[in-house]
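> Return atomic coordinates for the entry below.
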Amino acid sequence: MSHIDAPAATEPVTERTTLRHWLAVLSVAAGTFLVVTAEQLPVGLLTSIGGDLGVSKGTAGLMVTVPGLVAGVSALLVPVVIGRLDRRLVLLGLISLMVAANVMSFLAPEFITLLVARFVIGISIGGFWALAAGIAVRIVPEPSVGRATSLAFGGATAANVLGVPAGTLIGGLTDWRIAFLTLGGLGLLTLAALFALLPRIPASHSIRLGGMFGLFRVPAVRAAIITTFLLITGHMAAYTFVSPILQDISGVSENLIGPLLLVFGAAGIVGTFLGGTAAGRNVRATLIAVAVLLTSVLALFPFVGVTYGIGIALLVLWGLAFGSYPVGVQIWIFKAAPDHAEAVTALNTVMFNLAIALGALIGGRIVDGASTTAALWFGAVLTALTLLTVRTAKKA
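This next block holds a predicted model:
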């Protein structure tokens, strides 16, 4: 167990960055990977879960909607409610919740029980994700803050692009319940790592809701949050149902969905590195490129994705585009409000998770009421609208 304290946010830190510093940051990154993977794990398992528990694809999509909504509220309230509690203890508690909820998912005898477990997971997701960036920058000395932030958020990015396909692969090779149980086991390992490696992190100040919402008065922050809402809602309206999209439009067999989502994940990791490098030079141009590419993929998929090869090519481009977004928008909001990293990250986390929930919900209604093609086109319309919000931010 660690028995050192992280410095207060206002204290200058001059010592060199040690291996212990980086191991502590890696433990936080592992936590962000796990909670975000837990949020989106059902995406690649909707068909098997729905069939096993006797619900439609759209109803099964509630497994993404529920934790997304709860995470949005949790990201807003946890930083306020915890006051000056040691952040290390808070993170340990949130990961413990995630472990318990995944075990509950494994044991769920019916769909309603699974939704209750997903509710609990939502609490863990929002709280952990909202605190992670502010904690990472306090673990390391000043010269390493940028890399520590990238590493902490790299866990969330890796989850978005790798967590779902990995879970789908495990579920496809065994059973969807085993995928949840595996994630719970990884959570125990992460809990042990956080306990052993993370120093005590006393609160530097309390966050108030009024001050957090006051950041909306900053034009660049407001534009970034709106962009997140539109792009993630559009993406999730389609991506929640990527399994039936690939099966219905491209003719992919169900047993190939897991490997293809791993291809999506690999493309997303490449997109993360490309997007991070490009955003460091020009955030606005990077996000415009992401919006154009993602809109094109979603709009064209029903027309040109009808063959196996082209469908895979579009999936790769989809992964590249989405993988570039989280790191790009994070750089944007940090530059927009550099003195309010924890608060502005919480705001973006709220919107990110609400958008995940809303996108999955609307996509589910569209898929049940119309088709997967309609869900793709709806997503394309929303992602196209982000071109307006990013351009509006030009003078911010």
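
> How many neighbouring residues does residue 289 have?
One way to gauge burial is a neighbour count; for residue 289, by other Cβ atoms under 10 Å, it gives 17. In short, each C-beta sits where N, CA and C put it, glycine included.

> Can you classify it as helix, strand or coil?
The assignment at residue 289 comes out as helix when based on DSSP: H, G, I helix; E, B strand; the rest coil.

> State the pLDDT value of it.
With respect to pLDDT, residue 289 scores 95.

> Over to residue 198?
Taken from the predicted model, the pLDDT recorded for residue 198 is 89.

> again, but for residue 296
According to the model, residue 296 scores 97 on pLDDT.

> which stretches of the stretch 51-200 of the chain aren't confidently modelled?
Low-confidence segments of the stretch 51-200 of the chain, defined by pLDDT under 70, span residues 133, 137, 142, 145-146, 149-150, 157, 160-161.

> ranges for the helices of it?
Counting by DSSP state H, counting those that start in this stretch, residue ranges of the helices within the stretch 51-200 of the chain are 57-60, 62-81, 87-107, 111-139, 145-158, 164-173, 176-197.

> do the stretch 251-396 of the chain as well
For the stretch 251-396 of the chain, the helices identified by DSSP H, counting those that start in this stretch occupy 257-281, 283-304, 308-336, 341-369, 372-392, in order along the chain.

> and the first one, what does it pack onto?
When contacts are defined as 3 or more Cβ pairs under 8 Å, 6 or more residues apart in numbering; DSSP states H and E, helix 257-281 sits against helix 145-158, helix 164-173, helix 242-248, helix 283-304, helix 308-336.

> can you redo those helices as TSV with distance to residue 60?
Supplementary listing: the helices and strands packed on helix 257-281 in TSV, determined by distance: least, Cβ to Cβ, whole Å:
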stretch	distance to residue 60
helix 145-158	24
helix 164-173	13
helix 242-248	10
helix 283-304	21
helix 308-336	21
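
> out of the ones you listed, nearest to residue 223?
Nearest to residue 223, of all those, is helix 308-336, at 8.4 Å by Cβ to Cβ.

> so which of the helices of the stretch 251-396 of the chain gets nearest residue 227?
With respect to residue 227, and counting by Cβ to Cβ, the nearest of the helices of the stretch 251-396 of the chain is helix 372-392 at 4.6 Å.

> Now that closest one: average pLDDT?
The average of the pLDDT scores along helix 372-392 is 92.

> list the buried ones in that helix?
Judged by neighbour count (16 or more other Cβ atoms under 10 Å), helix 372-392 contains these buried residues: 372-380, 382-387, 389-390.

> tilt between that helix and helix 283-304?
Regarding helix 372-392 and helix 283-304, their directions subtend 160 degrees when assessed with axes from the mean of the first three to the mean of the last three Cα atoms, to 10 degrees.

> And helix 372-392, what does it pack against?
helix 219-239, helix 242-248, helix 283-304, helix 341-369.

> Next up, the contacts around residue 244.
Residue 244 is in contact with 46, 47, 57, 367, 372, counting by Cβ atoms under 8 Å, 6 or more residues apart in numbering.

> coming back round to it: please dump the helices and strands packed on helix 372-392 into a markdown table; it should also carry distance to residue 114 for every row.
Written out in a markdown table, the entries for these read as follows (distance: least, Cβ to Cβ, whole Å):
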| stretch | distance to residue 114 |
| --- | --- |
| helix 219-239 | 19 |
| helix 242-248 | 18 |
| helix 283-304 | 29 |
| helix 341-369 | 15 |
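
> now stretch 61-77: how far from the chain's centre is it?
11 Å (Cα atoms, centre = their mean, to the nearest Å).

> how about it: buried residues?
Within stretch 61-77, the residues that qualify as buried by neighbour count (16+ other Cβ under 10 Å) are 61-72, 74-77.

> Which one of the residues you listed is nearest to residue 21?
So of those, ranked by how close each gets to residue 21 (Cβ to Cβ), first place is residue 75, at 25.8 Å.

> Now do the same contact list for the closest one.
Taking Cβ under 8 Å, 6+ apart, we find residue 75 in contact with 126, 127, 129, 130, 346, 349, 350, 353.

> Now the last one: closest residue in space, sequence neighbours ignored.
Read it as residue 353. In space, residue 353 comes closest to residue 71 once its chain neighbours are excluded; the distance is 3.8 Å by Cβ to Cβ, 6 or more residues apart in numbering.
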